[in-house]
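Chemist: Next one to model:
(one chain, ligands or ions: 1)
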Amino acid sequence: MDYSKLDYEKLGFKCGLEIHQQIEGKKLFCNCPTLNSKEKPDIRFERRLRAVAGETGDVDKAAKYETRKAKKYIYEADSRDCCLVEMDEEPPHPINKDAVDVCLQVALVLKAKIVDEIQVMRKTVVDGSNVSGFQRTALVAYDGSLETSKGIVRIPTICVEEEAAQKVETTKDYTKYRLDRLGIPLIEIATGPDIKDNEHAKEVAEKLGMILRSTKKVKRGIGTIRQDVNVSIRGKNRVEIKGFQEIRTMPAVIEREVKRQLSLKKKEEAHVRKVEPDGSTSYLRPMPGAARMYPETDVVPLKPDLKNIGAVKLISDEAKELEKIGLSKDLAYKLVKSEKKELFDQLVKNRNVKPSFIAETLVSYTPEILRNYKGKDPFRIKDEHFIRIFEALNKGEITKDSVMELLVDVASGKELIIEKSKAVSDEEIEKEVKKVVSENKNASVGALMGILMGKFRGRADGKKVMEILKKNV
Ligand SMILES: [Zn+2]
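Modeler: Next up is the predicted model:
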């Protein structure tokens, strides 16, 4: 059978996503900062965990699976972002309201209904990634929706929960975790099984990611957002895929999973799979059941307060506004996704400078300096440097070509001296043109231009030089 062209609808493809995104600020149930420290640990202790029965009375299947492997858990942490709460030696503090507010903001964007009261629950976790043996989670909103190019995708739940500890080492005898990550607030968004095909999954993941980043209150970088994808086709059990490194790999991974399910010879149990670096997936563990939740009585329920929840300006809307002032779609997105949008808003007040040139400079100077100017440090360049350089450009004191040159100076640790790049006056250009023309009697216009631009080294506008040159040959 040829699976090269999959008809997702015909196959009874069902797919939903779960997005976990770390929120900036303090931890969810204590005052620790969320540094995600990787420094040498000054806290170290050991525990053994066992599976406990959930509220339905049975021990969860996934929990049993982990306990069978019963072993020692070693915990390490940096005391700067870990306290007795993470160590399970002190009860949780009241829930971090700022983190809840971020979830409320997102809930409003997704047109979800906000719960009357946020009740924290305990979710059994027995792989040792939570010292207490459970993860705290709370429903914040439900029944939301996301508009996509292929129809509405339902958002049944939006939760706030605590991040688990990070596994750093597994041996036959023990598993070692870093506790620094434990307790970082996460927003968890689950979609309904409304995703139509593999490309659609990517679109939904990207859109949710965009909404989350639009709050400007979520963490950025590798490992701060995770997408789990649930996939099944007609007649087969659901498989949950974890560990996507990049969203763009999602369509290929899903396609491979559908083909794998198609090629199954016998019935397979629902289970969790993990994405491998080559885009294939491998068995991780059984699917966790519903026996995992019970109320957390140590945390007082919180009434959501929408009074001070500001509206989120979506990155996609911001990008559209930038397109209106002449930025390409690609550049507009790059800029709003970068941390330079605020600086751009300030620099764009220099009316004589094209907004697209400002944007291009802001999104490209770091990679360009790192690539082309070895040993220079673009992180030396501060907002004030940009402000001075673009003001000079606006007044015509320097040319566009000098902008990068000046930035490289700053990146080299030199003082920013605008004077040195001051644009050459028309009179000076004319004088130099006459001199060069007389010295190079048989040279072509192109060759003369080359000589002249080499002399001015970015301090004169090429168009102007050409104009004056043409008058003098
Ligand atoms: Zn703490």
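Chemist: Is Gly151 bridged to anything, and to what?
Modeler: Thr148 (DSSP bridges).
Chemist: What is the burial count for it?
Modeler: Using other Cβ atoms under 10 Å, Gly151 is surrounded by 11 other residues. C-betas here are computed from N, CA, C, even on glycine.
Chemist: so it sits right up against Lys196, yeah?
Modeler: Yes. With contact defined as Cβ atoms under 8 Å, Gly151 and Lys196 form a contacting pair (7.3 Å).
Chemist: And the helices in this protein?
Modeler: 61-68, 97-109, 198-214, 250-262, 315-324, 329-337, 341-347, 355-372, 383-394, 400-411, 426-439, 445-456, 462-472 (DSSP state H).
Chemist: Which one of those lies nearest to Asn130?
Modeler: helix 61-68 (11.8 Å; Cβ to Cβ).
Chemist: Mind checking the pLDDT average for that closest one?
Modeler: Average pLDDT, helix 61-68: 61.
Chemist: Roughly how far does the nearest residue to Glu9 once chain neighbours are set aside sit from the ion?
Modeler: Computed as Cβ to Cβ, 6 or more residues apart in numbering, the closest residue to Glu9 that is not its neighbour in sequence is Lys196, at 7.2 Å. For Lys196, the distance to the ion equals 43 Å [Cβ to the ion, to the nearest Å].
Chemist: Could you do Ser421 as well?
Modeler: For Ser421 relative to the ion (Cβ to the ion), the value is 51 Å.
Chemist: Just list the residues touching that residue, thanks.
Modeler: Ala392, Ile398, Ser402, Glu405, Leu406, Gly458, Arg459 (Cβ atoms under 8 Å, 6 or more residues apart in numbering).
Chemist: Run through the residues that contact the second one.
Modeler: For Ile398, the residues meeting the contact criterion (Cβ under 8 Å, 6+ apart) are Ile389, Ala392, Leu406, Ile418, Ser421, Lys422, Ala423, Arg459.
Chemist: and which of those is nearest the ion?
Modeler: Proximity of those to the ion (Cβ to the ion) peaks at Ile389, which lies at 43.4 Å.
Chemist: ok so, going back, of the contacts of Ile398 - the most surrounded one?
Modeler: Ile389 (26 neighbours).
Chemist: so Lys337 touches Ile315, yeah?
Modeler: Yes. Lys337 is within contact range of Ile315, at 6.5 Å (criterion: Cβ under 8 Å).
Chemist: okay, and the common contacts of those two?
Modeler: Arg213.
Chemist: residues contacting Val410?
Modeler: Arg380, Ile381, His385, Leu416.
Chemist: how about the residues you listed in JSON lines, adding pLDDT, neighbour count and distance to the ion?
Modeler: Shown next, in JSON lines, are these (pLDDT from 0 to 100; neighbours: other Cβ atoms under 10 Å; distance: Cβ to the ion, whole Å):
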{"residue": "Arg380", "pLDDT": "93", "neighbour count": "15", "distance to the ion": "35"}
{"residue": "Ile381", "pLDDT": "94", "neighbour count": "21", "distance to the ion": "36"}
{"residue": "His385", "pLDDT": "95", "neighbour count": "16", "distance to the ion": "38"}
{"residue": "Leu416", "pLDDT": "92", "neighbour count": "17", "distance to the ion": "43"}
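Chemist: between those residues, which is closest to Gln227?
Modeler: Of the contacts of Val410, the one sitting nearest to Gln227 (Cβ to Cβ) turns out to be Ile381, at 33.8 Å.
Chemist: and the residue of the stretch 151-300 of the chain found nearest the ion, how many neighbours does it have?
Modeler: With Cβ to the ion as the measure, Gly183 is the residue of the stretch 151-300 of the chain nearest to the ion, at 5.9 Å. Using other Cβ under 10 Å, Gly183 is surrounded by 28 other residues.
Chemist: re earlier: columns distance to Ser280 and pLDDT on top of the contacts of Ile398, output as CSV?
Modeler: Converted to CSV, the contacts of Ile398 look like this (distance: Cβ to Cβ, whole Å; pLDDT from 0 to 100):
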residue, distance to Ser280, pLDDT
Ile389, 49, 96
Ala392, 55, 94
Leu406, 49, 93
Ile418, 56, 89
Ser421, 54, 82
Lys422, 59, 84
Ala423, 58, 82
Arg459, 56, 81
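Chemist: just the residues you listed now: which is nearest Val436?
Modeler: Nearest member of the contacts of Ile398 to Val436, counting by Cβ to Cβ, is Arg459, at 15.2 Å.
Chemist: Is it correct that that closest one is in contact with Ala423?
Modeler: Yes. Using Cβ under 8 Å, Arg459 is in contact with Ala423, at 5.5 Å.
Chemist: Which members of the contacts of Ser421 define the maximum pairwise distance?
Modeler: Across the contacts of Ser421 (Cβ to Cβ), the longest gap, 13.0 Å, separates Ala392 and Gly458.
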